[in-house]
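A.B. asks: Coordinates only, no sequence provided:
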């Protein structure tokens, strides 16, 4: 399997000391070296007073830093700014070069932050002391404490430890909880507080068991966070060992199992399936190995399948079911994605940001995913769904999923055929209710034609055809195709938004949708309860 790439960290060079002849001789410390720093800003950027965070434009700090600054009104920017990891880049550069100016400026910044951001003091923004900024800020402050022994810094870390150990503020079963435990363990180890270290290890074991199930699936409902959690667990394990503590077996086992989950959730092009709060540009950079199975069903609510490992033109698909939406999940149950012949075909709307905007909330909704809906029925958020049937063969897989998200049972059967690539999906609802569905295609695919229940999209010579059949295998016409407008959008990267074609079906008592890649004129026929598409025959009920 190809070596995948991690966008979450910058591995710092550990070569010989560099710098001018008057540079200090500085030991590199475990607290500062490692992969905890983001790629931007660099130490020299910070020295110039120019910081770029979460991909947004450069913010100029000025001679006197305004700790209430929020130049882009962006929550992620605010949290990263208050994490002070950009300040930590200066301490790391001091260790790597021995140039005192980096340490002096880091000390000045940190001391100024402490003076102007007292816990619960007037003028201190509430988000400064929320769980994630507190846990992430601990690392650069601990790094600084390796070289600065002043009381103000030790006292500030004690305040951080008090908040980190407060059970009312702990995010159990979540990646934030893992970060809190890493931070508390670091302070406990640094200052010999065994009570803090013991608490951190005890809590971490419980959180990992909730956040990563026995199969290795991340329970936060966004596979890309598995890369982050895996990386943080490696940090936690390394820190426990350096602190002379035994690594609990449950943590080690589930961290290892995460690698298989990450591999299965990664498409043949090397990018992770953008499910939940997952960006389509997430390319994990880690060696996962090659799992034994091409198709994996996770009880946490995922089916991932592919033709073969290590082949960019392999077909690949995902299905969603399981517990109701939580954490980083979306209302995507019964949803599918499909990749074939080296390209994305059916995609989710993706992840835009954590901003409290109408568009963000739309990306969470069923309308942003390839799902069936029950005509005239009201959607019930956070409804669980079940995988009731599965049939897994080498060249063909079929599954049936169901829930009552619209008050009545809606059922989706999915068949994926390999070799002659195609995906067939049958949607029905109980009680004679009619169903409709949405199909969001990759932005690169433009509408070619829409006639008689066949919609053709293409990109140059490549074509893909959607065919819809109703009861008794009759063609269903009247599809609407929307690009932009209310439905036709995807967000392949943070804060991005691109128009994409969405096919909206008419309502019918049953809808059989067939996606046929690589052609604009597939041969489709029905006889004796079987459907034949381009010579591939399967039962009309799929499963």
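C.D. replies: Thanks, I have it. Being a predicted model, the structure only gives us computed values, none of them experimental.
A.B. asks: all contacts plus neighbour counts: C-alpha atoms, from now on.
C.D. replies: Noted.
A.B. asks: Where do the helices of this protein begin and end?
C.D. replies: Counting by DSSP state H, residue ranges of the helices within the chain are 43-47, 75-83, 85-97, 100-116, 131-145, 151-164, 175-191, 194-211, 224-242, 249-264, 358-364.
A.B. asks: which other residues reach the third one?
C.D. replies: For helix 85-97, the surrounding residues in contact (Cα atoms under 8 Å, 6 or more residues apart in numbering) are 14, 16-19, 23, 26-29, 32-33, 37-38, 40-43, 46-47, 51, 99-103, 105-106, 109-110, 136-137, 139-141, 143-144.
A.B. asks: From residue 356, how far out is residue 288?
C.D. replies: Separation of residue 288 from residue 356 (Cα to Cα, to the nearest Å) stands at 35 Å.
A.B. asks: More neighbours: which of these two?
C.D. replies: A side-by-side neighbour count of residue 288 and residue 356, using other Cα atoms under 10 Å, places residue 288 first with 20 against 10.
A.B. asks: Now do the strands for the stretch 251-400 of the chain: every range, in order, please.
C.D. replies: For the stretch 251-400 of the chain, the strands defined by DSSP state E, counting those that start in this stretch cover 295-298, 302-306, 316-320, 336-340, 343-346, 372-374, 385-392, 396-403.
A.B. asks: Check which helices and strands the third one sits against.
C.D. replies: Just to be clear, that refers to strand 316-320. Contact here means 3 or more Cα pairs under 8 Å, 6 or more residues apart in numbering; DSSP states H and E; on that basis strand 316-320 packs against strand 302-306, strand 336-340.
A.B. asks: In JSON lines, list those along with mean neighbour count.
C.D. replies: Formatted as JSON lines, the helices and strands packed on strand 316-320 follow (neighbours: other Cα atoms under 10 Å):
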{"stretch": "strand 302-306", "mean neighbour count": "23"}
{"stretch": "strand 336-340", "mean neighbour count": "24"}
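A.B. asks: In the chain, what helix or strand scores lowest on average pLDDT?
C.D. replies: Every helix and strand of the chain was ranked by mean pLDDT, DSSP states H and E. The lowest is strand 524-527, at a mean of 92.
A.B. asks: shaky segments in this structure?
C.D. replies: 1-22 (pLDDT under 70).
A.B. asks: and with 80 instead?
C.D. replies: When the per-residue scores of the chain are filtered using pLDDT under 80, the ranges that remain are 1-23, 35.
A.B. asks: from memory residue 354 sits against residue 360, does it?
C.D. replies: Yes: Residue 354 lies in contact with residue 360 (Cα atoms under 8 Å); the separation is 7.0 Å.
A.B. asks: For residue 80, give its distance to residue 298.
C.D. replies: As judged by Cα to Cα, residue 80 and residue 298 stand 33 Å apart.
A.B. asks: and residue 410, what is it in contact with?
C.D. replies: Residue 410 makes contacts with 372-374, 402-404, 427-430, as judged by Cα under 8 Å, 6+ apart.
A.B. asks: Scan those and report the most crowded one.
C.D. replies: Each of those was scored by neighbour count (other Cα under 10 Å); the top score is that of residue 427, with 29 neighbours.
A.B. asks: Can you tell me the closest non-neighbouring residue to it?
C.D. replies: Using Cα to Cα, 6 or more residues apart in numbering and skipping residues adjacent in sequence, the residue nearest residue 427 is residue 412, 4.6 Å away.
A.B. asks: is that neighbour in a bridge, and if so with what?
C.D. replies: Partner residues in beta bridges with residue 412, using DSSP bridges, are residue 401, residue 427.
A.B. asks: Spatially nearest residue to residue 109 (excluding sequence neighbours)?
C.D. replies: Spatially, and ignoring its direct neighbours in sequence, residue 109 is nearest to residue 87 (7.1 Å; Cα to Cα, 6+ apart).
A.B. asks: and if you look at residue 502?
C.D. replies: Take residue 502 and drop its neighbours on the chain: the residue closest to it by Cα to Cα, 6+ apart is residue 440, 4.3 Å away.
A.B. asks: Neighbouring strands of the least confident helix or strand of the chain in the sheet, and parallel or not?
C.D. replies: For strand 524-527, sheet partners with direction are given as strand 530-533 (antiparallel), following DSSP bridges.
A.B. asks: Buried ones in the strand it pairs with, by neighbour count?
C.D. replies: Residues of strand 530-533 classed as buried by neighbour count (16 or more other Cα atoms under 10 Å): 531, 533.
A.B. asks: do stretch 511-521 as well
C.D. replies: 511-520.
A.B. asks: would you turn those residues into CSV with distance to residue 458?
C.D. replies: Rendered in CSV, the data for the buried residues of stretch 511-521 read as follows (distance: Cα to Cα, whole Å):
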residue, distance to residue 458
511, 23
512, 22
513, 18
514, 16
515, 13
516, 12
517, 10
518, 9
519, 9
520, 8
